[in-house]
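>>> Sequence below, structure please.
(chains A, B, C and D)
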There are 2 protein chains.
Amino acid sequence: MSNNRPAEQRFIENAARLLIPWGVPQTAARLYGYLLLCAEPVSLDRITADLEISKSSASVAARLLEAYRLAQRHGERGSKRALYAVSDNYEGMLTEQNRLLDALADLMRNSTDAVASGAARDRLDEMAAFYLAIRQAMETALGQWRAKKPRSRST
Amino acid sequence: MSNNRPAEQRFIENAARLLIPWGVPQTAARLYGYLLLCAEPVSLDRITADLEISKSSASVAARLLEAYRLAQRHGERGSKRALYAVSDNYEGMLTEQNRLLDALADLMRNSTDAVASGAARDRLDEMAAFYLAIRQAMETALGQWRAKKPRSRST
DNA sequence: TGACATATTCGGCATATCTCGAATATAATG
DNA sequence: CATTATATTCGAGATATGCCGAATATGTCA
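Numbers count the residues shown, from 1 in each chain, chains lettered A, B, ... in the order given. This is a model prediction of the structure:
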């Protein structure tokens, strides 16, 4: 970070622009873009300085990304200092969606009390099957990726 | 709709609960759940009555769902009346995400001006490849589904 | 335990978003 | 062209959300 400021700024804002419509708050979205540019884990103070946001905002944004599995906290040994970096598995955003697909499929399958039969019933069953099929395809693809790239633990 | 009110209500609220965290406004989310239960296209006035919302809210929610490709407007011939029903292709939510994956992959590949080399560069390239792979797997799965279920144009 | 460094929570302000009813626009029909 | 039926837009009030600085909590070291 910080050998070509303008281009980096652009990247950060572009990434944020993509994530924001998906419900990611601006600060968290910008932080994610920023972390993508950082070769090593960075401290909250560094984030605060580079992104020009308050430390409290940096803190909540970082933990939000962590909750979404988009970032990882790297505690420094012998210090309270928290360093953050993008998670090394990029699946976070996708597994979250898989959860939605599962939940939707469940809801539809278990809704015979609301619609027992008829066109709506058929559609619900079909949609449930559809979501499960897609979800399974994604699971498979994720598995294949993990297999192809088994270890990447070298920073 | 409306032969087992309590169960239907529960279904509608449950569906809404799933969609809302994804940024879908409450009214639109409930409307989607409602439409899932309707065997036939319904009018705005019917929606207004059954969902107990204002007509303006019904109108904007319906068109929001339409924009997301989650619902479809069925114009009545010889009338201004608009009838809405859930779209018969359930891919809407997924294609939207595919667009995000594509855009992210693009951004990462075209960001050599921000990071030319090093660990961050490697990661960006890897992520771009990852997103494209997943996106392609989904595309394939969608294609297979369409092939398996070629015609469903009955009611 | 005391002193320090650091992260986290809290209350308030600013801003955005939702929902509504009234006003307006647009299409259909005689 | 007037009337009616319907959808859409508009402005306002209410609600939620994001962001900040100050206050607080928590961990670390001597």
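>>> Once you drop chain neighbours, what's closest to A:G33?
A:A15 (3.2 Å; C-beta to C-beta, 6 or more residues apart in numbering or on different chains). Placement of C-beta: from N, CA and C, glycine included.
>>> which outside residues touch the helix or strand the one you found falls within?
Assigned by DSSP states H and E, A:A15 falls within helix A:5-19. If you take C-beta atoms under 8 Å, 6 or more residues apart in numbering or on different chains as the criterion, helix A:5-19 is touched by A:1-2, A:26, A:28-30, A:32-34, A:36-37, A:51, B:100, B:103-104, B:107, B:111, B:113-115.
>>> can you give me the helices in chain A?
A:5-19, A:26-37, A:44-51, A:55-67, A:92-109, A:119-148 (DSSP state H).
>>> what's the most buried one of these?
Ranked by mean neighbour count, the helices of chain A are led by helix A:26-37 with a mean of 24 (mean count of other C-beta atoms under 10 Å in any protein chain shown).
>>> got the contact list for that helix?
Taking C-beta under 8 Å, 6+ apart as the rule, helix A:26-37 contacts A:1, A:8, A:11-16, A:18-20, A:24, A:42, A:47, A:50-51, A:53, A:57-58, A:60-62, A:64-65, A:70-71, A:84-86, B:108, B:114-115, B:120, B:123-124, B:127.
>>> and that helix, is it in reach of DNA strand C?
No - in terms of C-beta under 7 Å from any atom of the strand, no part of helix A:26-37 sits within range of DNA strand C; the closest distance is 9.3 Å.
>>> Just checking, which helix or strand of chain A averages the lowest pLDDT?
Ranked by mean pLDDT, DSSP states H and E, the weakest helix or strand in chain A is helix A:92-109, scoring a mean of 86.
>>> distance of the residue nearest the centre of chain A from B:D102?
By C-alpha atoms, centre = their mean, chain A has its centre lying nearest to A:M93, at 3.5 Å. Using C-beta to C-beta, to the nearest Å, one gets 13 Å for the distance from A:M93 to B:D102.
>>> Stretch A:74-91 near DNA strand C anywhere?
Yes - residues of stretch A:74-91 contacting DNA strand C under C-beta under 7 Å from any atom of the strand: A:S79, A:K80, A:R81, A:A82.
>>> would you list the residues you listed in a markdown table and tack on distance to B:G143?
A markdown table is the format used below for these (distance: C-beta to C-beta, whole Å):
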| residue | distance to B:G143 |
| --- | --- |
| A:S79 | 52 |
| A:K80 | 52 |
| A:R81 | 49 |
| A:A82 | 45 |
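>>> so of those residues, which ones are in strands?
Cross-referencing the residues of stretch A:74-91 next to DNA strand C against strands under DSSP state E gives A:A82.
>>> Low-confidence regions, chain A specifically.
Scanning chain A with the threshold set as pLDDT under 70 gives A:1-3, A:150-155.
>>> How about it: which residue is closest to DNA strand C?
In chain A, no residue comes nearer to DNA strand C than A:S56, which is 3.1 Å away by C-beta to the nearest atom of the strand.
>>> distance of that residue from A:V86?
Counting by C-beta to C-beta, the separation of A:S56 from A:V86 is 21 Å.
>>> ok, now A:D122?
According to C-beta to C-beta, A:D122 stands 44 Å off from A:V86.
>>> returning to what we had before: ok, which of the helices of chain A comes nearest B:Y131?
helix A:92-109 (9.0 Å; C-beta to C-beta).
>>> how far does the closest one sit from the chain's center?
Offset of helix A:92-109 from its chain centre (C-alpha atoms, centre = their mean, to the nearest Å): 15 Å.
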